[in-house]
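J.: Kindly return the folded structure for what I paste below:
(chains A and B)
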There are 2 protein chains.
Amino acid sequence: MVNHTVKAYDRELDTLERLIAEMGGIAEKMVVDAVDALAAADTVLAHQVVATDPRLDALQREVEDLAVMTIAKRQPVAVDLRELIGAIRVAGDLERVGDLAKNIAKRTIKIGAESRVPRAIVGLRHMNEVATELMKDVLDAYAQRDVERAREVWERDVDLDALEDSVFRDLLTHMMEDPRNISFCAHLLFCSKNIERIGDHATNIAETVVYLVTGQPMPTERPRGPQETDVDVEAAGGDA
Amino acid sequence: MVNHTVKAYDRELDTLERLIAEMGGIAEKMVVDAVDALAAADTVLAHQVVATDPRLDALQREVEDLAVMTIAKRQPVAVDLRELIGAIRVAGDLERVGDLAKNIAKRTIKIGAESRVPRAIVGLRHMNEVATELMKDVLDAYAQRDVERAREVWERDVDLDALEDSVFRDLLTHMMEDPRNISFCAHLLFCSKNIERIGDHATNIAETVVYLVTGQPMPTERPRGPQETDVDVEAAGGDA
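T.: Here you go, the predicted model:
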């Protein structure tokens, strides 16, 4: 490639990087706000989360269009091609993290003034701290192309799966204690599943970082806890 | 393009078509088998569903690799480029449909001999008939590039959303009637959500068919039922 072409190519990669950083920031904030809104029964904040989602969708389309255009124009190979495919994958995961946060926010709006069980939310908040941490770390790993850090995130997702399992049992206990808790806790079951799936997307991004830097996929099976806690997990390699 | 290049290109498109048809067949069967296994407490069949999933993942990777390779090599524009991007999208949706079927199968294994509430499964079976019908129709629409049929699927997904809402309330009733039903019905809540999401992927594929043929995206918002039943729906355009 002649020099000005290389420069144009670098500019395209920089733009992709910037778009993905913006998506990461928005997705992280949506997750935090969604669970805050749920815990505080704050429907105004919940509506804000829902209103943010189209921006994330638009950014994802921008990443896809730019990456595909660059693939067609530059015919990149090896690491350059992996960078572009990686950008498409990470954008896809971040868009879905936004959807999951939006789901929690919509549920908060739906629950509304329904009789709430404040102590049932404690486990969920804990799950969300772990999920937010995973997201933050994997986005740093992506920004710095840090394979070691990505692998760490990938291994830590098992904690979130175990937590979800314990929240599931906890919510069932609240339901059995008092039938008036059933409806609220049923909604929380879905919220905890949404948070667990945010962790799955963090591990997907971790896998993309490893693929991007090394050209190698991660092993097909992720580490699991002692129990079969992987129901609803989106297949490791299949969530590109 | 000289003639032999055009022929090679057509062969690539044919291969993609064939791979996606194979993925569609596998995904459809996984969905039917998963719900049959759930209804009959058939853990052998459930294990078979789980064991099928890696094949779907491998096919998705094959579609992605071939499509990206073709984009880089042929630098297609307009409808040709849309064909290739469409193939990547449809493969992504089918892979996730497989994951959802696998989730139901894993839950069947997890539930095992737990006290079952057979009448609670009736609504789920009905949902699954609708979801399977949507999948079948949208795959036909894709194979025939039939925009009208795709639009029909897109509009019919609202029925599935409404059904999920009614199954949700039905399951809550069973839980309130007898605390011994709570654990089993909580698992069914997740299964019904999985089936509803299969419908979301059918509408995603419908959107891809429209985009592929017309170059136009569908309107951002899908039709909704009278109630706010769109919690957990993956954003229409964002699930590429």
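J.: now the helices for chain A?
T.: In chain order, chain A shows helices spanning A:3-40, A:43-74, A:78-111, A:122-143, A:147-177, A:182-214, with DSSP state H as the criterion.
J.: any weak-confidence spans in chain A?
T.: Within chain A, the stretches with pLDDT under 70 are A:1-4, A:218-240.
J.: if we can go back for a sec, same list (the helices of chain A) but as CSV, adding distance to residue B:7.
T.: All C-beta atoms are positioned from the backbone trio N, CA, C, and that covers glycine. Listed next are the helices of chain A as CSV, based on distance: least, CB to CB, whole Å:
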stretch, distance to residue B:7
helix A:3-40, 31
helix A:43-74, 21
helix A:78-111, 25
helix A:122-143, 40
helix A:147-177, 42
helix A:182-214, 33
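J.: Same list, the ones you listed, but as CSV with mean neighbour count and distance to chain B please.
T.: Formatted as CSV, the entries for those read as follows, by neighbours: other CB atoms under 10 Å in any protein chain shown; distance: least, CB to the nearest CB, whole Å:
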stretch, mean neighbour count, distance to chain B
helix A:3-40, 17, 11
helix A:43-74, 18, 4
helix A:78-111, 23, 5
helix A:122-143, 20, 15
helix A:147-177, 19, 5
helix A:182-214, 24, 5
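J.: Relative to residue B:13, tell me which of those wins on proximity.
T.: Distances from residue B:13 to each of the helices of chain A were compared using CB to CB; the minimum, 15.8 Å, belongs to helix A:43-74.
J.: So which elements touch that closest one?
T.: helix A:3-40, helix A:78-111, helix B:43-74, helix B:78-111 (3 or more CB pairs under 8 Å, 6 or more residues apart in numbering or on different chains; DSSP states H and E).
J.: Quick check: phi and psi at residue A:144.
T.: Here is the backbone geometry of residue A:144 (degrees, to the nearest 10): phi -100, psi 10.
J.: That one and residue A:150, how far apart?
T.: As for residue A:144, its distance to residue A:150 is 10 Å (criterion: CB to CB, to the nearest Å).
J.: and if you look at residue A:51?
T.: As judged by CB to CB, residue A:51 and residue A:150 stand 32 Å apart.
J.: for the helices and strands packed on helix A:43-74, which one sits closest to residue A:132?
T.: Among the helices and strands packed on helix A:43-74, if distance is taken as CB to CB, the winner is helix A:3-40, at 5.9 Å.
J.: from the chain's centre, how far out does the closest one sit?
T.: Centroid separation between helix A:3-40 and its chain, computed with CA atoms, centre = their mean, to the nearest Å, is 13 Å.
J.: Tell me which residues touch residue A:156, please.
T.: A:130, A:134 (CB atoms under 8 Å, 6 or more residues apart in numbering or on different chains).
J.: Over to residue A:135?
T.: For residue A:135, the set of contacting residues under the criterion of CB under 8 Å, 6+ apart consists of A:24, A:27-28, A:31, A:97, A:198, A:202.
J.: Kindly recompute the last result at 7 Å.
T.: Contacts here follow CB atoms under 7 Å, 6 or more residues apart in numbering or on different chains; on that basis residue A:135 touches A:28, A:31, A:97, A:198, A:202.
J.: likewise residue A:175?
T.: Contacts of residue A:175 were listed using CB under 7 Å, 6+ apart, and they are A:181-182, A:185, B:175, B:182.
J.: Please tell me how far it sits from residue A:117.
T.: Spatial separation of residue A:175 from residue A:117 under the definition CB to CB is 9 Å.
J.: hmm, back to that, columns distance to residue B:212 on top of the helices and strands packed on helix A:43-74, output as TSV?
T.: TSV is the format used below for these (distance: least, CB to CB, whole Å):
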stretch	distance to residue B:212
helix A:3-40	24
helix A:78-111	18
helix B:43-74	13
helix B:78-111	4
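J.: just so I know, which of these lies nearest residue A:191?
T.: Evaluated with CB to CB, these place helix A:78-111 nearest to residue A:191, the distance being 5.1 Å.
J.: Give me the common contacts of residue A:175 and residue A:117.
T.: Overlap between the contact sets of residue A:175 and residue A:117, as judged by CB under 7 Å, 6+ apart, is given by A:181, A:185.
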